[in-house]
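**Q** Okay, structure incoming, though there's no sequence with it:
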């Protein structure tokens, strides 16, 4: 059984495509995150600030932690 640790981040959605969100957690820098790797309980789109849950490795790779 594989255990995946998760990280929650709060970020603003800048842009959206079918497969990814362009988000910013500090208002200065932005990065694309794949929708296939994240979870959120909220309906969201550009301009919304949302809490995302993602694997730890992705949060590290994208510079959130």
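**A** Now that the structure is in, tell me what you want to look at. Computed from a predicted model, the values in this text were never measured in an experiment. Residues are numbered from 1 along each chain as shown.

**Q** where exactly do the strands run in this protein?
**A** Taking DSSP state E as the criterion, the chain carries its strands at 6-16, 20-24, 31-34, 49-55.

**Q** Which among these is found nearest to residue 63?
**A** For the strands of the chain, the distance to residue 63 is smallest for strand 31-34, at 6.7 Å, taking Cβ to Cβ. Quick note: C-beta positions are derived from backbone N, CA and C, even for glycine.

**Q** Partner strands of the closest one and their direction?
**A** For strand 31-34, the paired strands and their directions (DSSP bridges) are strand 20-24 (antiparallel).

**Q** Show me what the strand it pairs with is in contact with.
**A** Outside strand 20-24, the residues that touch it by Cβ atoms under 8 Å, 6 or more residues apart in numbering are 11-16, 30-35, 38, 44, 52.

**Q** run the last query once more with 6 Å
**A** 11-15, 30, 32-35 (Cβ atoms under 6 Å, 6 or more residues apart in numbering).
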